[in-house]
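Undergrad: My questions are about this predicted structure, shown below with the sequence.
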Amino acid sequence: MSESFLSIRSVRKSFGATTVVQDFNLDVAPGEFVSFLGPSGCGKTTVLRMVAGFETPTSGAIVVAGKDVTRLRPNQRNIGMVFQSYALFPNLTVAQNVGFGLKVAGMGKADIDARVKEMLALIKLPEFGDRYPYQLSGGQQQRVALARALAPKPKLLLLDEPLSALDAKVRVSLRDEIRLIQKNLGITTIFVTHDQEEALSISDRIVVMYGGKAEQVGAPFEIYNRPQTRFVANFVGTLNVLEGTVSDAAAGKVALAAGEITLPGRLDGARNGEAVSLALRPEAISLGEKAGADTRLAGQIADVHFLGSVIRVKVAVGDNVVSLDTFNSPSAPPPEIGQPTGISFAASDLLLLR
Amino acid sequence: MRRLWAWGAFLLGLLYFVLPLVGMTEFSLKMRRGEYSFDAYAKVLGDPRFQETFSYSVVMALFTIAFGVLLVVPTAYWVRLKVPRARPWIEFVTLLPLVIPAIVIVFGYIRLYNTSSWLPLTGSATGTNVLLMFGYATLALPYMYRAVDTGLRTIDVATLTEAAQSLGAGWGTILARVILPNVLVAVLSGAFLTFAIVIGEFTMAALLNRPAFGPYMQLLGANRAYEPAALAVISFSITWLCMGLIQIVSRLAPKPPSQPN
Ligand SMILES: Nc1ncnc2c1ncn2[C@@H]1O[C@H](COP(=O)(O)OP(=O)(O)OP(=O)(O)O)[C@@H](O)[C@H]1O
Ligand SMILES: [Mg+2]
């Protein structure tokens, strides 16, 4: 990674006796898009608000572009913020909202008008300058809020669940638009969400948070495919868990109720007889025989959900039930419940959770 | 049948409120023997003391409104933003003027600020005017605070403040460009109420011996027959005009707040 633009160093935050953020470290590169992902109450908003200056860390430091801003007031930080509730000024028109930060900065009227026009074009609402916020849809309001935050050319853009109040379709299109604008402007961005699909689809890197701590930081591909903790594995994506015990640590063998699995070289340090959980994403498992699979287990169809293009099949394997997805094919009806079947997968796709 | 009763009750109420007004108005028009005329009104309006006291009270009302807005808007805003737990206490304090009679307040003022006190406000006309203005502001406080606080409830004070801060605005800008415009309707209705209160106030002005409209009405009422009725109708119309303006202003309020949920 290149040198960091935003650096959050050993930040802790307590409200009274409760610590809601503990020892949080993060370095964000210039132009990077980082998402904070985690369940409700894990401290995402609190970290973001400390970066924005609305909360002061109990200890630790926040550095933006080489400057320690930990004690700086929010209106001196030049950081753009977008809120879940849009927070447009109801008494001002769209153009006045977008120009607010410029006017506060003392920019001349002609310059403000030019910049506002540019920003409205950027969010594809060039004709909406004279409207009031209440005359816009939620998605349009949030785009105006984005333009308002970006107009004064902030150093950082912070978004706190900006899409949560919108309906599903708008949510997807606006998130792609946010990402596109962010890439074009090259602005360093932090995006808070509790929606994993959102985080996976638009981020350069994801910080998965839990209980005030960063559980794992990594690219979406890494987070999804190589979760480092049980929490991350469970929180991101659907996961099938097979419970077993180590039968031969040196040879990498794990005994399951439905058979034995070999994980060469991955059980170093484990004791024989130790309980382990092996996890698999649904898309890593195939019904029947799959090319490249080195592990097979016998089972029985337990449930079938026809979802349209995809059929989600649940297979009982020993004491465990695993979910897997197969594509719909008009010529082949879905399997029937109770039918015996086999599943196959590559052992290297297994995640070891201890 | 039920409708009939409702109408009956309404009619009775109407009679109770309107009949005295009609009687008074009718009487005020009877100055000239045997025919209706506006003689009493012409007499009142032409009286230099009317003009003096009335303009004195209007000016006092304007100062009181300005002071009240400057005091109440930042206070109510700050309480909502920073110390929401203190809201019941602040509310209680602002309600005190309703339970403490004006005469008690004014005697307290006179004791505290008399000519031999540490701050002899009553020693000069300007000082007494300032004192009277504070008194009026106190009387209007329950209405002003309530109006503004209700206005603040319709906007998301905390988030709008943070949005403005992140755009570089300081407290002055936030109050002037974000908070005040959004509670303007509430502030105006508080202002009209304040105006109506100040125009009709008697006790404070009389005891502080200022030439206000209230004491003038009392003086006239004690000495004349037709003019007091005319004066009462005039001051009544002023109050009603204020109430009407409150209605118009809240009707004209252009934008509903733009919060989701
Ligand atoms: N001002 C405050 N005083 C006391 N506790 C607070 C305060 N702000 C947040 N908390 C607590 O800190 C914890 C983290 O809150 P935070 O808002 O950061 O969570 P979040 O991850 O953003 O959750 P959500 O997804 O629900 O928005 C919560 O348990 C919350 O109750
Ligand atoms: Mg939050």
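TA: The structure has been received and is ready for your questions. Residues are numbered from 1 along each chain as shown, chains lettered A, B, ... in the order given. Ligands and ions are numbered 1, 2, ... in the order given.
Undergrad: Any figure for the gap between A:Leu88 and B:Leu241?
TA: A:Leu88 sits 36 Å away from B:Leu241, going by Cβ to Cβ, to the nearest Å. From N, CA and C alone the C-beta is placed, and that goes for glycine too.
Undergrad: Looking at the two, which is more packed in?
TA: A:Leu88 (27 against 13; other Cβ atoms under 10 Å in any protein chain shown).
Undergrad: Would you confirm that that one contacts A:Pro133?
TA: Yes. Between A:Leu88 and A:Pro133 a contact is recorded at 4.0 Å, counting by Cβ atoms under 8 Å.
Undergrad: For A:Gln84, give its distance to B:Val187.
TA: With Cβ to Cβ as the criterion, A:Gln84 and B:Val187 are 29 Å apart.
Undergrad: same question but for B:Ser250, I mixed them up
TA: As judged by Cβ to Cβ, B:Ser250 and B:Val187 stand 11 Å apart.
Undergrad: of the two, who's got more company?
TA: Each of B:Ser250 and B:Val187 has its neighbours counted (other Cβ under 10 Å); B:Val187 has more, 21 against 12.
Undergrad: if I pick the nearest residue to A:Thr295 once chain neighbours are set aside, what's in contact with it?
TA: Among residues not flanking A:Thr295 along the chain, A:Ala347 sits closest, at 4.8 Å (Cβ to Cβ, 6 or more residues apart in numbering or on different chains). Applying Cβ atoms under 8 Å, 6 or more residues apart in numbering or on different chains to A:Ala347 gives the contacts A:261-264, A:294-295.
Undergrad: those strands in the stretch 51-200 of chain A, which residues are they?
TA: A:59-64, A:67-68, A:79-82, A:156-160, A:188-193 (DSSP state E, counting those that start in this stretch).
Undergrad: what is the rounded mean pLDDT of the fourth one?
TA: For strand A:156-160, the per-residue pLDDT values average out at 97.
Undergrad: So which elements touch it?
TA: Judged by 3 or more Cβ pairs under 8 Å, 6 or more residues apart in numbering or on different chains; DSSP states H and E, strand A:156-160 is in contact with helix A:44-52, strand A:79-82, strand A:188-193.
Undergrad: ok, residues contacting it?
TA: Residues from elsewhere that reach strand A:156-160, judged by Cβ under 8 Å, 6+ apart: A:5-6, A:44-45, A:48, A:51-52, A:64, A:79-84, A:149-150, A:178, A:182, A:187-192.
Undergrad: can you check the shortest one too?
TA: Around strand A:67-68, the neighbours that count as contacts under Cβ under 8 Å, 6+ apart are A:61-62.
Undergrad: So what are the sheet partners of that strand and their directions?
TA: Within its sheet, and counting by DSSP bridges, strand A:67-68 is paired with strand A:59-64 (antiparallel).
Undergrad: Any buried residues in the strand it pairs with, and which?
TA: Using 16 or more other Cβ atoms under 10 Å in any protein chain shown as the test for burial, strand A:59-64 gives A:60, A:62-64.
Undergrad: filter these down to the ones close to ligand 1.
TA: Among these, no residue sits close to ligand 1 (Cβ under 6 Å from any ligand atom).
Undergrad: Which residues are in contact with the residue sitting nearest the centre point of chain B?
TA: Centroid-nearest residue in chain B: B:Thr194, 1.5 Å away (criterion: Cα atoms, centre = their mean). Contacts for B:Thr194 (Cβ under 8 Å, 6+ apart) come out as B:61, B:64-65, B:68, B:136-137, B:140, B:143-144.
Undergrad: about what we covered before: find the pair from the contacts of A:Ala347 with maximum spatial separation.
TA: Maximum pairwise distance among the contacts of A:Ala347 (Cβ to Cβ): 11.7 Å, between A:Pro264 and A:Thr295.
Undergrad: So for those two, which residue has more residues nearby?
TA: Taking neighbours as other Cβ under 10 Å, A:Pro264 and A:Thr295 compare with A:Thr295 leading, 19 against 10.
Undergrad: Report the contact partners of the more buried one.
TA: Counting by Cβ under 8 Å, 6+ apart, A:Thr295 touches A:261-262, A:344-347.
Undergrad: Stretch B:155-171 near chain A anywhere?
TA: Yes. Judged by Cβ under 8 Å from any Cβ of the partner chain, stretch B:155-171 comes into contact with chain A at B:155-156, B:159-160, B:162-170.
Undergrad: Before we go further, A:Val207 is sitting in a helix, right?
TA: No. Looking at A:Val207 with DSSP: H, G, I helix; E, B strand; the rest coil, it is strand, so not inside a helix.
Undergrad: Tell me the residues of the stretch 151-300 of chain A that contact chain B?
TA: A:152, A:165.
Undergrad: need the residues of the stretch 151-300 of chain A near ligand 1, please.
TA: Within the stretch 151-300 of chain A, the positions lying close to ligand 1 (Cβ under 6 Å from any ligand atom) are A:His194.
Undergrad: Tell me where the stretch 151-300 of chain A has helices.
TA: A:168-185, A:196-202, A:220-225, A:230-235 (DSSP state H, counting those that start in this stretch).
Undergrad: in chain B, which ranges drop under the pLDDT threshold?
TA: Applying pLDDT under 70 to chain B picks out residues B:252-261.
Undergrad: In it, which residue sits closest to ligand 1?
TA: B:Ala158 (10.6 Å; Cβ to the nearest ligand atom).
Undergrad: residue ranges of the strands in chain B, please?
TA: In chain B, no strands are defined using DSSP state E.
Undergrad: which one's the longest helix in it?
TA: As assigned by DSSP state H, the longest helix anywhere in chain B is helix B:48-82.
Undergrad: ok, now which ones touch residue 179?
TA: Just going to use chain A. A:33, A:202.
Undergrad: actually it's chain B I care about, not the one you picked
TA: Applying Cβ under 8 Å, 6+ apart, we find B:Ile179 in contact with B:73, B:77, B:152, B:155, B:157, B:160-161.
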